[in-house]
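**Q** just a sequence and a predicted model for now, questions to come.
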Amino acid sequence: MQAPINISQPQWLRDFKAFIMRGNVIDLAVGLVIGAAFTAVVSSMVEDLLNPLLGLLLGGIDFSNLFVVIVGERRPTLEATREGGAAVLAVGRFINAIIKFVIVGFAVFWLIKVLTRIGLEAGKKAGPPAQEVLLTEIRDELRAQNQKSAAPTA
């Protein structure tokens, strides 16, 4: 039976594994996945719920199909006009993007506000970290020693 070949990992691979397995990298990855799903929900809300209601209130305007032809032939839809080779300004899509941005910004604002409040309340209950308490005790002890050595002897 032949002995297994021992292949050592390069240092960069060990460093990469350590980096990937850190908690904040995994948290970031989870945040990105949830963010992508949240973006899909916001996109659907804007395109499928808000735009039809806004269009109805504004006299039947369909934002997703609102565009200005710069050069070329105008066709019934934005996609058809672009397929025909026309240069267009997709104003409706830009309006949709702004609405999505405002909604996502508003949601993130409230999420951070709630998380900050939860964090502050948790911090109030927990008190100062143990490291800070220990450093305070060391500082007080050093002050007491300095006062003893600075006191005049009789």
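**A** Alright, I've got the coordinates. Residues are numbered from 1 along each chain as shown.
**Q** only C-alpha atoms for contact and neighbour calcs from this point on.
**A** Will do.
**Q** so which residues of this protein form helices?
**A** In the chain, the segments counted as helices under DSSP state H are 11-20, 23-44, 51-57, 78-83, 91-126, 130-150.
**Q** among these, which is nearest Ser64?
**A** helix 91-126 (4.8 Å; Cα to Cα).
**Q** pull the distance from that closest one to the chain's centre.
**A** 9 Å (Cα atoms, centre = their mean, to the nearest Å).
**Q** rounded mean pLDDT for that helix, please.
**A** Regarding helix 91-126, the rounded mean pLDDT is 79.
**Q** buried ones in that helix, by neighbour count?
**A** Within helix 91-126, the residues that count as buried by 16 or more other Cα atoms under 10 Å are 92-93, 96, 99-100, 103-104.
**Q** what's that helix packed up against?
**A** helix 23-44 (3 or more Cα pairs under 8 Å, 6 or more residues apart in numbering; DSSP states H and E).
**Q** could I get the CA-only coordinates of the helix it packs on as PDB?
**A** C-alpha atoms of helix 23-44 as PDB (Å, rounded to 0.1, in the frame of the first residue of the first chain):
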ATOM      1  CA  GLY A  23     -18.700  36.200  10.500                       C
ATOM      2  CA  ASN A  24     -18.900  39.500   8.900                       C
ATOM      3  CA  VAL A  25     -18.200  38.100   5.400                       C
ATOM      4  CA  ILE A  26     -21.000  35.600   5.800                       C
ATOM      5  CA  ASP A  27     -23.300  38.200   7.200                       C
ATOM      6  CA  LEU A  28     -22.600  40.400   4.100                       C
ATOM      7  CA  ALA A  29     -23.300  37.500   1.800                       C
ATOM      8  CA  VAL A  30     -26.600  36.800   3.500                       C
ATOM      9  CA  GLY A  31     -27.400  40.600   3.300                       C
ATOM     10  CA  LEU A  32     -26.800  40.600  -0.400                       C
ATOM     11  CA  VAL A  33     -29.100  37.600  -1.000                       C
ATOM     12  CA  ILE A  34     -31.800  39.200   1.100                       C
ATOM     13  CA  GLY A  35     -31.200  42.500  -0.600                       C
ATOM     14  CA  ALA A  36     -31.700  41.000  -4.000                       C
ATOM     15  CA  ALA A  37     -34.900  39.300  -2.900                       C
ATOM     16  CA  PHE A  38     -36.100  42.600  -1.400                       C
ATOM     17  CA  THR A  39     -35.300  44.400  -4.600                       C
ATOM     18  CA  ALA A  40     -37.400  42.000  -6.500                       C
ATOM     19  CA  VAL A  41     -40.300  42.600  -4.100                       C
ATOM     20  CA  VAL A  42     -39.900  46.400  -4.400                       C
ATOM     21  CA  SER A  43     -39.700  46.200  -8.200                       C
ATOM     22  CA  SER A  44     -42.900  44.200  -8.300                       C
END
